[in-house]
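Student: What would the 3D arrangement of this be:
(one chain, ligands or ions: 2)
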Amino acid sequence: MSRVLSGTQPTHEYLHLGNYFGALRQYVTLQERYDEALYFIADYHSMTTLRDAKVRREYTHNVALDYLAAGVDPEHSLVFRQSDVPAVCELTWLLSTVTPMGMLERAHAYKDKIAKGQPADHGLFAYPVLMASDILIYDSDAVPVGQDQKQHLEMTRDMAQRFNQTYDSEALKLPEPYILEDVAVVPGTDGGKMSKSTGNVIPMFASQKQIKKAVMGIVTDSTPVEDPKDVTAVVFQLWSLFATKDEREDMKQRAAAGGVGYGDVKKDILKRLLDYFGPMRERREDYLKRPDDVEDILQRGAARARTIAEPVLARCREAAGFQP
Ligand code: ADP
Ligand code: TRP
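Tutor: Ligands and ions are numbered 1, 2, ... in the order given. Here you go, the predicted structure:
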């Protein structure tokens with residue numbers, strides 16, 4: 001039985017182009033290539049940054065809507081909340097006991113917080129262990145994510161290996177990351193990595209007005225229209241997300257020749273983006289009107305996910321000397 005799995009934290013109102021091209025689009029293409037696909041909402045992980053219960057509930061529902069809108073098919077894939085599979089927390093503990101402090105001290109989220117002189121809690125420190133548990137508890141084979149999650153995937157493999165070695169077992173299966181090189185890091189409107197926490201995002205399903213504002217705000221230099229342009233500039237990178245290979249080649253030549261205005265490229269991004277996400281937006285509106293159906297999908301997904309998780313946990317318990 002082959003399985004693909006991934007998750008996204010419900011920490012903001014809408015997912016953005018980085019989430020979509022870096023990960024969510026791959027959720028959709030991979031759901032048909034594997035026997036089973038599991039896509040969950042990492043609500044436990046969101047506790048490390050979001051402390052408002054009402055907002056968490058709302059954003060969790062929004063991520064479910066964004067998944068379904070993007071084409072995650074509930075007939076093909078399990079969509080569920082991380083917190084509806086409690087076995088994940090138990091495996092987190094088992095993994096904690098084979099995870100060296102040094103490994104966690106090198107994890108980005110924790111390291112960045114400490115570097116900024118901000119106080120960190122145990123949840124943030126242990127974040128990669130919970131993530132490893134999310135992956136390992138379903139015997140996952142492939143994990144589609146953006147580049148920023150690569151380190152967490154390496155740690156996951158490391159923890160699985162340590163657990164297996166410590167208990168001389170094959171209780172845990174080692175997963176492979178699935179990272180598409182050309183969209184591994186989608187740039188934000190300011191040129192840095194597009195990220196919810198830095199306010200440089202282009203949200204997929206915000207109002208057209210908000211999307212327009214974000215697109216028009218993409219940073220550009222002051223090269224005059226008639227001069228040659230550098231196609232590696234952010235504005236061209238974002239445009240490329242919506243262009244075919246031939247269109248990209250053509251743009252490369254036109255940009256090098258001069259005469260391409262940044263304003264026109266931005267307008268074209270906006271048009272292509274609205275066309276691209278248009279049908280998804282309609283699907284989202286439809287699900288938005290049916291919250292009970294969405295809840296039903298989440299419950300069904302969790303019920304099946306629990307039946308996958310339980311035997312894996314039993315294997316680990318047995319390996320470590322507990323009653324399976
Ligand atoms: P954010 O970084 O905005 O908080 P998340 O951490 O919730 O987003 O990421 C959810 C998924 O989207 C992960 O697989 C992550 O790797 C991917 N992702 C997020 N931002 C980008 C980006 N700018 N480029 C590529 N993938 C991204
Ligand atoms: N840490 C991931 C992120 O911030 C979210 C996540 C939690 C995840 N558990 C996971 C992703 C398991 C893939 C697999 O994007």
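
Student: When you work out contacts or count neighbours from here on, use the C-alpha atoms and nothing else.
Tutor: Fine.

Student: which residues touch the helix or strand bottoming out on mean pLDDT in the chain?
Tutor: Ranked by mean pLDDT, DSSP states H and E, the weakest helix or strand in the chain is helix 108-115, scoring a mean of 90. Identification of contacts with helix 108-115 by C-alpha atoms under 8 Å, 6 or more residues apart in numbering yields L104, E105, P119, A120, L124, F125.

Student: Mind doing that once more with 7 Å?
Tutor: Helix 108-115 is contacted from outside by E105, A120, L124, F125, using C-alpha atoms under 7 Å, 6 or more residues apart in numbering.

Student: name the helices or strands packed onto the lengthiest helix in the chain?
Tutor: Longest helix of the chain, by residue count under DSSP state H: helix 291-319. Secondary-structure packing of helix 291-319 (3 or more C-alpha pairs under 7 Å, 6 or more residues apart in numbering; DSSP states H and E): strand 77-81, helix 87-96.

Student: ok so, going back, now a ChimeraX select for only the buried ones of the contacts of helix 108-115.
Tutor: This is how ChimeraX selects the buried members of the contacts of helix 108-115, with burial counted by 16 or more other C-alpha atoms under 10 Å:
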select :124,125
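
Student: Do a quick rundown of the helices in the stretch 151-300 of the chain.
Tutor: 208-216, 234-240, 245-257, 262-288, 291-319 (DSSP state H, counting those that start in this stretch).

Student: Just put those in TSV and tack on mean neighbour count.
Tutor: Compiled in TSV, the helices of the stretch 151-300 of the chain are given as follows (neighbours: other C-alpha atoms under 10 Å):
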stretch	mean neighbour count
helix 208-216	16
helix 234-240	21
helix 245-257	14
helix 262-288	17
helix 291-319	17
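
Student: between those, which one is nearest to ligand 2?
Tutor: helix 291-319 (13.7 Å; C-alpha to the nearest ligand atom).

Student: Now do the same for that closest one: mean pLDDT, whole number.
Tutor: Mean pLDDT, computed over helix 291-319, is 98.

Student: is that helix anywhere near ligand 2?
Tutor: No - Helix 291-319 lies out of reach of ligand 2 by C-alpha under 6 Å from any ligand atom, never closer than 13.7 Å.

Student: between that helix and helix 262-288, how many degrees?
Tutor: 90 degrees (axes from the mean of the first three to the mean of the last three C-alpha atoms, to 10 degrees).

Student: Quick one: work out the angle between helix 291-319 and strand 77-81.
Tutor: Using the same axes, to 10 degrees: helix 291-319 against strand 77-81 is 90 degrees.

Student: Just after the least confident helix or strand of the chain, pick out the following helix or strand.
Tutor: Downstream of helix 108-115, the first helix or strand assigned by DSSP states H and E is helix 122-136.

Student: Break the chain into its domains for me.
Tutor: 3-185+291-320, 196-285 (automatic domain parsing).

Student: what about the first one and ligand 1, any contact?
Tutor: Yes - part of domain 3-185+291-320 sits close enough to ligand 1 to count as contact by C-alpha under 6 Å from any ligand atom, namely 8-9, 18-19, 22-23, 145-149, 183-185.

Student: Can you turn the buried subset of those into a selection I can paste into ChimeraX?
Tutor: Here is the ChimeraX command that selects the buried residues among the residues of domain 3-185+291-320 next to ligand 1 (16+ other C-alpha under 10 Å):
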select :8,9,18,19,22,23,145,146,147,149,183,184,185
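
Student: Out of the residues of domain 3-185+291-320 next to ligand 1, give me the two with the largest separation.
Tutor: Q9 and V183 (19.4 Å; C-alpha to C-alpha).

Student: ok, the contacts of helix 108-115 vs K196, which is closest?
Tutor: L124 (17.3 Å).

Student: Disregarding flanking residues, what is the spatial nearest neighbour of the closest one?
Tutor: Of all residues not flanking L124 in the chain, T48 sits nearest, at 5.6 Å (C-alpha to C-alpha, 6 or more residues apart in numbering).

Student: so where's the stretch 101-250 of the chain uncertain?
Tutor: For the stretch 101-250 of the chain, no stretch has pLDDT under 70.

Student: Contact partners for the residue lying farthest from the centre of the chain?
Tutor: In terms of distance from the mean C-alpha position of the chain, E226 ranks first, at 39.2 Å (C-alpha atoms, centre = their mean). Going by C-alpha under 7 Å, 6+ apart, E226 touches G258, G259, V260.
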